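Asker: sequence unknown, structure follows:
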């Protein structure tokens, strides 16, 4: 091999090797980061999906219990199930379709202890059919839910259903009901557009890369073969990841080709210079060049090793910081919601303690008067505990009674003057009762805090506004406290922004997020020294 050929080869190697090493390291790091990001998105989507399933079960079960209480107190139902009068049997057949619409369900059935259908909301003529598989499947499900493919007059409908049991004259009856669960509704369980949620049934093969989140029983009225499992799976979109990997590989190849060409261009004049100095000791020149090349490659390798170590350390610290921040954020929100739920209970206990000191004989009357506030506070905390069972709160659509929730919040306040302005009747709103309670509770708590322990008034009002598709319920929470500056109002709805010494800064950000979930809106009117007024509007149940 001639000196010029060796020189060209050496320069090409010196130009290409560092580029190849650096490119390989970058490609490995990019692949690891993209794979980790995909796994993180799947984990986040899995957590959110489980939380939403839990919230859906809590909401459906609460509505079913309310319907069961209605049947327990209805004389027509008692007469209908005993068969004493045929007219009451017609009342029972008509009950489920009307109750299904009122509760916002797509499927509703009443069954006796033998599994006989007494009334069906989605298919009125389904009465007297014996179908015990569905209640048994829900009882056996660890989630307390099942996927139900129910018959309808025009075909079938698939729903995610829960169950509530009740007794009349010693006999056990069950109510099974829930909302639609077609492919589009399953997809909406995932909060990340890059991670798809799918439902696979029976022995169907899961797509490559899919992650199973939960397994639910599936009952199909069309087959009548009992229950079999279906799986909720998450499938990340690997398209951007594959495109990123291909892009890195393409640019690495371009860099190597460019370095090769550059080495050849640089070697040409050096080779000509070598030909003109033929008297030069070529052996010594080769030895020196090889030595210099080895030293330079050694320096490059050590530099790249040091750079790779620093990158791994930085990535590890960044991942640890992300996990710590996510855990802290969730802990602050749990702490904030629990403090709001404990406030009315604490006020009642303080009132009872003061009464015990001043007038012990009045304690039974005061307890009877404040008992409903205590029980509603405990129920609210219980619902929060169920919602947080999957580590993160979520909101489910449902129907809430705004008048009852406003009166309940007002009864839990003490130490301030409270004015309540609500009409005798108000339409229900399209929001889960726990979500509506949290929205108003956060606003009322902020109003009380704005008084800063000084005499003042908190006003809570609700009224229907609009008609047709714009039919909404408007809630107003006003205080006579210190008010806010324009800059404070601008930051008020940001996460973790607070002006209180021990505040979490989550109250108004939770209000904003919950209203977004239920299609509502909020606006604030405030000025320093003039108090604050927060106005919330949420769609009414009659809105189309």
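Answerer: Done, it's in. Remember, it's a predicted structure, so these values are computed and weren't measured experimentally.
Asker: quick one: low-confidence parts of the stretch 101-250 of the chain?
Answerer: In the predicted model of the stretch 101-250 of the chain, residues 202-204, 224-225, 238-242, 244-245, 248 satisfy pLDDT under 70.
Asker: tell me which element residue 464 falls in.
Answerer: Residue 464 belongs to strand 457-465 when assigned by DSSP states H and E.
Asker: tell me which residues of that strand are tucked away?
Answerer: 458-462, 464 (16 or more other C-beta atoms under 10 Å). All C-beta spots, glycine's among them, are computed from the backbone N, C-alpha and C.
Asker: So of those residues, which two are at opposite extremes in space?
Answerer: With C-beta to C-beta as the measure, no two of the buried residues of strand 457-465 lie farther apart than 458 and 464, at 22.1 Å.
Asker: re earlier: could you export the buried residues of strand 457-465 as JSON lines, including pLDDT and distance to residue 213?
Answerer: JSON lines is the format used below for those (pLDDT from 0 to 100; distance: C-beta to C-beta, whole Å):
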{"residue": "458", "pLDDT": "93", "distance to residue 213": "43"}
{"residue": "459", "pLDDT": "94", "distance to residue 213": "45"}
{"residue": "460", "pLDDT": "95", "distance to residue 213": "40"}
{"residue": "461", "pLDDT": "95", "distance to residue 213": "43"}
{"residue": "462", "pLDDT": "94", "distance to residue 213": "39"}
{"residue": "464", "pLDDT": "93", "distance to residue 213": "40"}
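Asker: will you turn these into a markdown table that also has distance to residue 489?
Answerer: A markdown table is the format used below for these (distance: C-beta to C-beta, whole Å):
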| residue | distance to residue 489 |
| --- | --- |
| 458 | 19 |
| 459 | 19 |
| 460 | 21 |
| 461 | 21 |
| 462 | 23 |
| 464 | 28 |
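Asker: returning to that earlier point: so what strands line up beside the strand holding residue 464?
Answerer: strand 417-421 (parallel), strand 472-479 (antiparallel) (DSSP bridges).
Asker: what sits up against it?
Answerer: The contact list for strand 457-465 (C-beta atoms under 8 Å, 6 or more residues apart in numbering) reads 402-403, 406, 409-410, 413, 416-423, 426-427, 440, 444, 447-448, 451, 471-480, 537, 540.
Asker: Could you turn the buried ones of these into a ChimeraX selection?
Answerer: To isolate the buried ones among those in ChimeraX, judged by 16+ other C-beta under 10 Å, type:
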select :402,403,406,409,410,413,416,418,420,422,426,427,440,444,447,448,451,471,472,473,474,475,476,477,478,479,480,537,540
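Asker: what's the helix or strand for residue 122?
Answerer: Per DSSP H and E, residue 122 falls between elements, in no helix or strand.
Asker: so how far is residue 68 from residue 226?
Answerer: From residue 226 across to residue 68, the span is 25 Å (C-beta to C-beta, to the nearest Å).
Asker: In the stretch 51-200 of the chain, what residue spans correspond to strands?
Answerer: Taking DSSP state E, counting those that start in this stretch, the strands of the stretch 51-200 of the chain run over residues 107-111, 117-120, 146-152, 155-168, 171-180, 195-201.
Asker: so which of those strands gets nearest residue 522?
Answerer: Using C-beta to C-beta as the measure, strand 171-180 is the one of the strands of the stretch 51-200 of the chain that comes nearest residue 522, at 26.2 Å.
Asker: low pLDDT regions in the stretch 351-500 of the chain?
Answerer: 383-397, 495-500.
Asker: Go again with 80.
Answerer: 374-398, 414, 492-500 (pLDDT under 80).
Asker: out of residue 226 and residue 68, which sits in the busier spot?
Answerer: residue 68 (20 against 15; other C-beta atoms under 10 Å).
Asker: so that one makes contact with residue 167?
Answerer: No: counting by C-beta atoms under 8 Å, residue 68 stays clear of residue 167, with 9.6 Å between them.
Asker: Can you check which residues contact both of those two?
Answerer: residue 173.
Asker: contact partners of stretch 437-446?
Answerer: Residues outside stretch 437-446 that contact it (C-beta under 8 Å, 6+ apart): 337, 340-341, 343, 380, 400, 405-406, 408-409, 413, 431, 458, 460, 475, 477, 507-508, 510-511, 514-515, 520, 532, 534, 536.
Asker: Could you list which of these belong to strands?
Answerer: Per DSSP state E, strands hold the following members of those: 458, 460, 475, 477, 532, 534, 536.
Asker: which of those residues lies closest to residue 98?
Answerer: Using C-beta to C-beta, residue 475 is the member of these that lies nearest residue 98, at 28.4 Å.
Asker: Bridged to the nearest residue to that closest one once chain neighbours are set aside, which residues?
Answerer: Closest residue to residue 475 apart from its sequence neighbours, by C-beta to C-beta, 6 or more residues apart in numbering: residue 536 at 4.5 Å. Taking DSSP bridges as the rule, residue 536 bridges to residue 475, residue 522.
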